[in-house]
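>>> Structure of the sequence below:
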Amino acid sequence: MNLSEVKSKDVPNVLVIDDELGPRESLRYLLGEEFEVDVSDRVEGGLEKLSQKTYDAIIMDIRLPSMNGIEGLAKVREIDQDVSIIMLTGYGNLETAQEAIKLGANEYVTKPFDIHKMLETVKKHTRESNLRRKRGFMLKEVQKMNDILKGQLEERESMASWGKASARLVHDLSSPLTAILGYSSLLLHEVKNASDGQDVPMENALAYAETLERNANYCRELAQSWKEVCKGNNNSEVFSILDAVRKVKADIFFDDKNILVDGDDSLTVSGSISEISRLFQNLIRNALEAKSSEQNDPVTVQVTVESGDDEAIVTIVDNGCGMNQDTIGQMQQGNFTTKGENGTGLGFIICKRIVEAHDGAITVNSEEGLGTTITFSLKTWTSN
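Model (predicted):
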């Protein structure tokens, strides 16, 4: 299941189960303009429909032949815990209807029913049903993300004995795992508010869940990519270089307004999209962090993708503190970092390896106080 499957449908589905033709057809007519309505004269028929389709509300009479509404209620709850169930009852069966509420029904309506109140009741319960499904999905997503995060962190802790390749993987995992932690906190906050009955914008929570899903998939692809690199077997695919950098900006850097992206949408390359995403992730993050202690404003990073001779030319320019020639030389040799104990000195080496693996070259131009320009080329893909 993915997130799109739990987003609000244009027309909610309603199932009516009643053996009396009059009330059954009356409800079909009453609800038909705003809902997709299915009907059945038996619980057994309704259960068969429920096994084939998801409903937002079920309206079911208590007094039914063969299997009564109370028994049907239990059967429905075995199939679907989230659907709203509205029980129909006569005045003489109020105690039974109240018992149905205890057994999992959401509301009961007495016959004969007021058509306006019935319509509002169904509208209310289809909304609540949809909200329950969204909450349930998001809670599962949060649990899944937390499990993935726990596994990735445990993997990172056990990597000390793996050597340089392990250190590179740890380096690359840091940004997406940070994104997962950030969006998990936001999502948990939204879900908690919704669970407390507050009126919260579900669009925010759904967007957080989508981003969590993308970052979790990115972590999985990243780990798989390193396994394939170790085997010397990188899977290739054709993709837009501009789309790749835009996706990194959105997923890893939360659409940071200080990152500007522009260029030729038509330029495609053949290679590992997860590797290229790591390339942009590392270079952009280093650029954003290139801020001197005297610099008050945040660093701005401009990423431009242009066409060259059978290649895409990517330029990443920042207005940060810049570097002198000694620092550039040390950076290109590896085992050098400006981040103290928190750095591995592998960032640029990783980027250089990725570019060269895609038949490209990378250069660095920088001057202290005037920012840094990194330019690299990637061979473009053609169908010939």
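>>> mind saving the C-alpha coords of stretch 138-145 as CSV?
Extracted in CSV, the C-alpha atoms of stretch 138-145 (Å, rounded to 0.1, in the frame of the first residue of the first chain):
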residue,chain,number,x,y,z
MET,A,138,0.5,7.2,9.1
LEU,A,139,1.1,5.4,12.4
LYS,A,140,2.2,2.3,10.4
GLU,A,141,4.5,4.5,8.3
VAL,A,142,6.0,6.1,11.4
GLN,A,143,6.6,2.6,12.9
LYS,A,144,8.1,1.4,9.6
MET,A,145,10.4,4.5,9.4
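>>> ranges for the strands of the stretch 151-300 of the chain?
All strands of the stretch 151-300 of the chain, identified by DSSP state E, counting those that start in this stretch, fall at 237-240, 259-263, 268-271.
>>> Pull out the buried positions in the last one.
Think strand 268-271. 268, 269, 271 (16 or more other Cβ atoms under 10 Å). Quick note: C-beta positions are derived from backbone N, CA and C, even for glycine.
>>> Adding pLDDT and distance to residue 132, write the residues you listed out as JSON lines.
Shown next, in JSON lines, are those (pLDDT from 0 to 100; distance: Cβ to Cβ, whole Å):
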{"residue": "268", "pLDDT": "93", "distance to residue 132": "43"}
{"residue": "269", "pLDDT": "92", "distance to residue 132": "44"}
{"residue": "271", "pLDDT": "89", "distance to residue 132": "44"}
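>>> Break this protein into its domains for me.
For the chain, the structural domains run 3-113, 130-231, 237-379, going by automatic domain parsing.
>>> weakest of the ones you listed in terms of mean pLDDT?
With a mean of 64, domain 130-231 has the lowest mean pLDDT of those.
>>> quick one on the thing from earlier: with distance to residue 299 added, can I get the strands of the stretch 151-300 of the chain in JSON lines?
Shown next, in JSON lines, are the strands of the stretch 151-300 of the chain (distance: least, Cβ to Cβ, whole Å):
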{"stretch": "strand 237-240", "distance to residue 299": "26"}
{"stretch": "strand 259-263", "distance to residue 299": "10"}
{"stretch": "strand 268-271", "distance to residue 299": "27"}
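>>> same for the longest helix anywhere in the chain, what does it pack against?
Using DSSP state H to define each element, the chain has its longest helix at helix 115-157. Judged by 3 or more Cβ pairs under 8 Å, 6 or more residues apart in numbering; DSSP states H and E, helix 115-157 is in contact with helix 21-31, strand 57-61, strand 84-89, strand 107-110, helix 164-195, helix 202-231.
>>> if you set the cut-off to 6 Å instead, what comes out?
Packing partners of helix 115-157 (3 or more Cβ pairs under 6 Å, 6 or more residues apart in numbering; DSSP states H and E): strand 57-61, strand 84-89, helix 164-195, helix 202-231.
>>> before we move on, back to that, go through the strands of the stretch 151-300 of the chain and name the closest to residue 329.
With respect to residue 329, and counting by Cβ to Cβ, the nearest of the strands of the stretch 151-300 of the chain is strand 259-263 at 27.3 Å.
>>> Could you list every helix and strand that the closest one packs against?
Taking 3+ Cβ pairs under 6 Å, 6+ apart as contact, the helices and strands that strand 259-263 lies on are helix 241-252, strand 301-307.
>>> Repeat the analysis, applying 10 Å as the threshold.
Packing contacts for strand 259-263, counted by 3 or more Cβ pairs under 10 Å, 6 or more residues apart in numbering; DSSP states H and E, involve helix 241-252, helix 273-288, strand 301-307, strand 311-318.
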